[in-house]
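**Q** quick check, what structure comes out for this input:
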Amino acid sequence: STLVESIRQFRCNGGADTPATMHVISSDNRLNQGERIGLIAGSGRFPILFAEAARSQGLKVHGVGIQGMVDEELARLCDSWDSFPVCKVGKAIRSCLRNGVKHAVMAGKVEKVELFAPGRFWNFVPDWRAIHMLWSYVFTQDRRDDTILLAVIREFERDDITFGSALDYCPELLVEHGFLTRRKPSPAQWRDIRFGWEIAKQMGGLDIGQSIVVNDMAVVAVEAIEGTDRCIERAGKLCRRAASTVVKVAKPQQDMRFDVPAIGIKTIQTMREAGCRCLAIESGMTIMLDQDDVLTLADKLGIAVVSL
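**A** Got it, this is the predicted structure:
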């Protein structure tokens, strides 16, 4: 079927919460050329691509990296740089203030699984601002991703540092609508996409994870704190037969300032190793890092990628 017919059929048969109707929290407070922006950076390529984009637009970038997670390459791309352990919120705030930062963004993944490792207290001793943040905004609620990241934003706001979306400066990283690879989903994979999409949306609404793996209209694996790649790896061990489908979506009320769904080369490589042959992602709401390389590899490996 054509793209239009396929998407129409998808939306009429279970494709809920498309970007056109989804409530999305975003920000459009872009800075002007010559102004300084803070970058709170986790792991992965996203912080690097943001820094390159921001500097190409004439902005000064002050980077604050999370030690043990951030790519060392990022430091040379920033006009000024500091790095601290993940629980040193006060040091991160003071670093931004010293460098004249009043507007900041978050980019990159925080490896939450590390927070549950043995001996985590000694590895992640919080400073006083982190204690205040946890006591005021987290311990009274829960430890879900949105709760913690919104708490970080609120603590920075106490010093008049506001957060916007990093994607305001590099919107080209968001995938467009359509078939992205030569190979298209088979009828069976379309059924799995329709089946999995609504379930993935419900999981996102509960702030559990963004991805599920489906085979023959059965959920094989659900992402939690381990991340998408490990979820896919687990699916490959649980379901030996090939042709599983990965569905990755944004939350029904996605805050575009943080935790936006992202895929990259590693996603495609992990899918191949796990026997997954189709990837369905959400258009306009999913970051594809190094898009040309990702789609070239997917074509080479015979993996269908569709953006809905």
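
**Q** going by C-alpha atoms from here, please, whenever you check contacts or count neighbours.
**A** Will do.

**Q** okay, and residue 197 sits in which element?
**A** Using DSSP states H and E, residue 197 falls within helix 187-205.

**Q** all strands for the stretch 101-250 of the chain, in order.
**A** Using DSSP state E, counting those that start in this stretch, the strands of the stretch 101-250 of the chain run over residues 103-107, 162-163, 178-179, 211-215, 218-222, 244-248.

**Q** who wins for proximity to residue 269 among those strands?
**A** Of all these, it is strand 244-248 that lies closest to residue 269, at 12.9 Å by C-alpha to C-alpha.

**Q** who does that closest one pair up with?
**A** According to DSSP bridges, strand 244-248 forms sheet pairs with strand 211-215 (antiparallel), strand 276-281 (parallel).

**Q** returning to what we had before: what helices and strands are in contact with the helix holding residue 197?
**A** When contacts are defined as 3 or more C-alpha pairs under 8 Å, 6 or more residues apart in numbering; DSSP states H and E, helix 187-205 sits against strand 211-215, strand 244-248.

**Q** point out the most buried one among those strands.
**A** Of all the helices and strands packed on helix 187-205, strand 244-248 has the most neighbours on average by mean count of other C-alpha atoms under 10 Å, namely a mean of 30.

**Q** neighbouring contacts of that strand?
**A** 189, 192-193, 196-197, 200, 210-216, 232, 261, 275-282 (C-alpha atoms under 8 Å, 6 or more residues apart in numbering).

**Q** for ChimeraX, what selects the buried ones among these?
**A** The following ChimeraX line selects those of the contacts of strand 244-248 that are buried, judged by 16 or more other C-alpha atoms under 10 Å:
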select :189,192,193,196,197,200,210,211,212,213,214,215,232,261,275,276,277,278,279,280,281,282
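
**Q** what's the closest non-adjacent residue to residue 145?
**A** Distances taken as C-alpha to C-alpha, 6 or more residues apart in numbering place residue 207 nearest to residue 145, at 6.8 Å, with adjacent residues excluded.

**Q** go through the strands paired with strand 244-248 and name the closest to residue 44.
**A** Of these, nearest to residue 44 by C-alpha to C-alpha is strand 211-215, at 17.9 Å.

**Q** next, count neighbours for the residue nearest to residue 159 when sequence neighbours are not counted.
**A** Spatial nearest neighbour of residue 159, excluding adjacent residues (C-alpha to C-alpha, 6+ apart): residue 93 at 7.8 Å. For residue 93, the neighbour count with other C-alpha atoms under 10 Å is 19.

**Q** residue 93 and residue 156 touch, don't they?
**A** Yes - with contact defined as C-alpha atoms under 8 Å, residue 93 reaches residue 156; the gap is 6.3 Å.

**Q** so where's the stretch 51-200 of the chain uncertain?
**A** By pLDDT under 70, the low-scoring segments of the stretch 51-200 of the chain are 112-123.

**Q** helices along that one, start to end?
**A** Remark: helices assigned in the stretch 51-200 of the chain by DSSP state H, counting those that start in this stretch are 74-77, 89-98, 120-123, 128-133, 145-157, 187-205.

**Q** look up how far residue 255 lies from residue 164.
**A** 10 Å (C-alpha to C-alpha, to the nearest Å).

**Q** what's near enough to touch residue 280?
**A** 193, 245-248, 305-308.

**Q** how about the strands of the stretch 101-250 of the chain in a markdown table, adding distance to residue 38?
**A** Shown next, in a markdown table, are the strands of the stretch 101-250 of the chain (distance: least, C-alpha to C-alpha, whole Å):
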| stretch | distance to residue 38 |
| --- | --- |
| strand 103-107 | 4 |
| strand 162-163 | 9 |
| strand 178-179 | 34 |
| strand 211-215 | 29 |
| strand 218-222 | 34 |
| strand 244-248 | 29 |
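
**Q** of those strands, which is nearest residue 149?
**A** Of all the strands of the stretch 101-250 of the chain, it is strand 103-107 that lies closest to residue 149, at 9.4 Å by C-alpha to C-alpha.

**Q** now the closest one against helix 89-98, angle please.
**A** Angle of strand 103-107 versus helix 89-98, following axes from the mean of the first three to the mean of the last three C-alpha atoms, to 10 degrees, is 130 degrees.

**Q** paired strands for strand 103-107, with orientation please.
**A** When DSSP bridges is applied, strand 103-107 pairs with strand 36-41 (parallel), strand 162-163 (parallel).

**Q** buried set for stretch 83-100?
**A** 83-93, 95-96, 99.

**Q** okay, how far is it across it, tip to tip?
**A** One end of stretch 83-100 to the other measures 17 Å (C-alpha to C-alpha).
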